[in-house]
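# Could you work out the structure for the sequence below:
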Amino acid sequence: MLHLSIKIKDLPEAERPYEKLELYGEKSLTNAELLAIIIKNGTKEETSVQVAQHILKLNTTSNDTLEFLGDLKVKDFMKIKGIRQSKSITTKSNM
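Numbers count the residues shown, from 1 in each chain. The predicted structure is shown next:
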């Protein structure tokens with residue numbers, strides 16, 4: 001089975017998190033795009049935005065902010081494919 005990976009650089013410039021931030025400001029980004037900037041890389045199968053969406057699914061609150069990330073443990077982040085210990089620590093320390 002052939003897996004085609006979509007890379008952020010293959011997306012139109014207006015859909016890339018870094019470029020979108022620069023062009024339109026941080027308020028134009030979704031929570032997944034903001035988190036994708038922090039985690040930087042995706043996997044062979046998913047972009048950093050898609051990996052970030054998996055992290056956002058860990059939110060058990062009714063609050064639609066990123067504040068819940070500060071309550072997660074490093075091991076919680078590591079449940080997500082593509083998030084290892086160093087990226088977990090980096091993500092947690094940015095919250």
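# Which residues are in contact with the nearest residue to Ile37 once chain neighbours are set aside?
Nearest in space to Ile37, with sequence neighbours left out and distances taken as CB to CB, 6 or more residues apart in numbering, is Pro17 at 5.1 Å. C-beta: built from backbone N, CA, C; applies to glycine. Pro17 makes contacts with Ile8, Leu29, Glu33, Leu34, Ala36, Ile37, Ser48, Val49, as judged by CB atoms under 8 Å, 6 or more residues apart in numbering.
# what's the farthest-apart pair in the residues you listed?
The most widely separated members of those are Ile8 and Leu34, with 14.0 Å between them, by CB to CB.
# And the closest residue to Lys75 other than its chain neighbours, how far from Gly82?
Spatial nearest neighbour of Lys75, chain neighbours left out: Ser88 (7.7 Å); criterion: CB to CB, 6+ apart. Computed as CB to CB, to the nearest Å, the Ser88 to Gly82 distance reads 11 Å.
# swap in Tyr24?
26 Å.
# Those two: which is more packed in?
Comparing Tyr24 with Gly82 by other CB atoms under 10 Å, the one with more neighbours is Gly82, at 20 against 11.
# Now name the helix or strand holding the more buried one.
Of the helices and strands defined by DSSP states H and E, none includes Gly82.
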